[in-house]
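Visitor: sequence? don't have it. structure:
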């Protein structure tokens, strides 16, 4: 099949999706969800104040980590213009949700995430496969030095513990990008980030003793990082890693590098719709409630066009991720070498 003919496959799929109305906005869903999240955040804040200087605050920290991640998911949707039809309104919503409520710079995330969507799992162009403490190929592992080399050598065992630092990393890296003026509107981003930090730290240290406050922050931010990490990890890790010069058209590039997570409505809520990673990558602006409906259409289309469609359960997906990470570090342990990217 010629490249031009293959490229037309996505045009055909797009027509089918549009005919079903799956790209139409779902403002009612998003407004309801936004109000619910703000209410949950407010109630969590009230509980924090009422409980006071008690170790029961650790239960609040767990709930707050869940609320933060769900807010981040909604910010992700706004960044993809899923929420509103107006791009400026989506951007403003993303700033308020990301910078002000969660404390993660929206501009930095947008730049990074846009590159990921353009070239998912591309060894040179996807920032999500260029992480200092992890390696996704034997070649990447061989380039690690010092402490990072030790981590990569045992990365499958250290993966989940490392996620405890992901929340702190997101705060620091995104704020640093704004300080270095690497994002548009960096002044506003810094004001919103500073407001978040001041309100968050003031509240925590006024309500709790210093020791309890520090433990609260560690539990809250640690679990926030874990929740974020386990939500994004199944999407591409362990799928083929592309290299320069690949000949895949848009549809195949997005489908072959992505993995769906099967489940029910609870899985949809738990993972913020990211469990439909294939459909999301093909149609980034598709509202979250429509992804489930699009799945059957996309899966059938891929089957008819002999395009491999990866899907498995949540825990099975973690098994694939850990197995892949273990193999990537095998050469450093002297136990083997990861198979070439295109052979998986």
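Guide: Arrived safely. This is a predicted model, so every value here is computed, not measured.
Visitor: tell me, what residue is most central in the protein?
Guide: Nearest to the mean C-alpha position of the chain, by Cα atoms, centre = their mean, lies residue 232 at 4.1 Å.
Visitor: and the strand or helix carrying that one, what other elements does it pack with?
Guide: Per DSSP states H and E: residue 232 is located in helix 210-236. Helices and strands touching helix 210-236, by 3 or more Cβ pairs under 8 Å, 6 or more residues apart in numbering; DSSP states H and E, are helix 57-79, helix 155-163, helix 166-179, helix 186-207, helix 277-282, helix 314-328. The way it works is simple: take the backbone N, C-alpha and C, and place the C-beta from them, glycine included.
Visitor: following element in sequence after the shortest one, please.
Guide: Think helix 277-282. Counting by DSSP H and E, what follows helix 277-282 is helix 288-304.
Visitor: ok, now which ones touch residue 159?
Guide: 134, 233, 321-322, 325 (Cβ atoms under 8 Å, 6 or more residues apart in numbering).
Visitor: what's the farthest-apart pair in the residues you listed?
Guide: Pairwise distances among these were taken by Cβ to Cβ; the largest, 11.8 Å, belongs to 134 and 322.
Visitor: out of the two, which sits in the busier spot?
Guide: Neighbour count, other Cβ atoms under 10 Å: between residue 134 and residue 322, residue 134 has more, with 21 against 18.
Visitor: now the more buried one, what's its secondary structure?
Guide: For residue 134, the secondary structure call by DSSP: H, G, I helix; E, B strand; the rest coil comes out as coil.
Visitor: burial of the nearest residue to it once chain neighbours are set aside, as a residue count?
Guide: Computed as Cβ to Cβ, 6 or more residues apart in numbering, the closest residue to residue 134 that is not its neighbour in sequence is residue 155, at 5.6 Å. For residue 155, the tally of surrounding residues (other Cβ under 10 Å) stands at 24.
Visitor: wait, residue 155 sits on residue 327?
Guide: No - assessed by Cβ atoms under 8 Å, residue 155 is found out of contact with residue 327, at 10.4 Å.
Visitor: all helices of the stretch 1-150 of the chain, in order?
Guide: Here the stretch 1-150 of the chain has its helices, by DSSP state H, counting those that start in this stretch, at 3-19, 27-51, 57-79, 87-95, 106-118, 138-143, 146-153.
Visitor: quick check: angle from the helix holding residue 232 to helix 106-118?
Guide: In terms of direction (axes from the mean of the first three to the mean of the last three Cα atoms, to 10 degrees), helix 210-236 departs from helix 106-118 by 20 degrees.
Visitor: just after helix 210-236, pick out the following helix or strand.
Guide: Next element after helix 210-236 (DSSP H and E): helix 250-256.
Visitor: list the buried residues in that following helix.
Guide: 251-256 (16 or more other Cβ atoms under 10 Å).
Visitor: ok, now stretch 314-332?
Guide: 314, 317-318, 320-322, 324-332.
Visitor: again with stretch 103-112
Guide: Buried, per 16+ other Cβ under 10 Å, within stretch 103-112: 103-110.
Visitor: before we move on, what about stretch 208-224?
Guide: Under 16+ other Cβ under 10 Å, the buried positions of stretch 208-224 are 208, 212-213, 215-217, 219-224.
Visitor: just stretch 72-89 next, same as before
Guide: 72-84.
Visitor: got the phi and psi for residue 312?
Guide: phi -160, psi 170 (degrees, to the nearest 10).
Visitor: for residue 271, same thing?
Guide: Per degrees, to the nearest 10, the backbone of residue 271 is at phi -100, psi 10.
Visitor: the spatially closest residue to it that is not a sequence neighbour - how many residues pack around it?
Guide: The shortest distance from residue 271 to any non-neighbouring residue, by Cβ to Cβ, 6+ apart, is to residue 231 (5.1 Å). Around residue 231 there are 20 other residues, counting by other Cβ under 10 Å.
Visitor: list the residues that contact residue 231.
Guide: With Cβ under 8 Å, 6+ apart, residue 231 has these contacts: 69, 73, 270-272, 274.
Visitor: and those residues as a markdown table, adding distance to residue 261 and pLDDT?
Guide: Shown next, in a markdown table, are the contacts of residue 231 (distance: Cβ to Cβ, whole Å; pLDDT from 0 to 100):
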| residue | distance to residue 261 | pLDDT |
| --- | --- | --- |
| 69 | 16 | 98 |
| 73 | 14 | 98 |
| 270 | 9 | 97 |
| 271 | 6 | 97 |
| 272 | 11 | 97 |
| 274 | 8 | 97 |
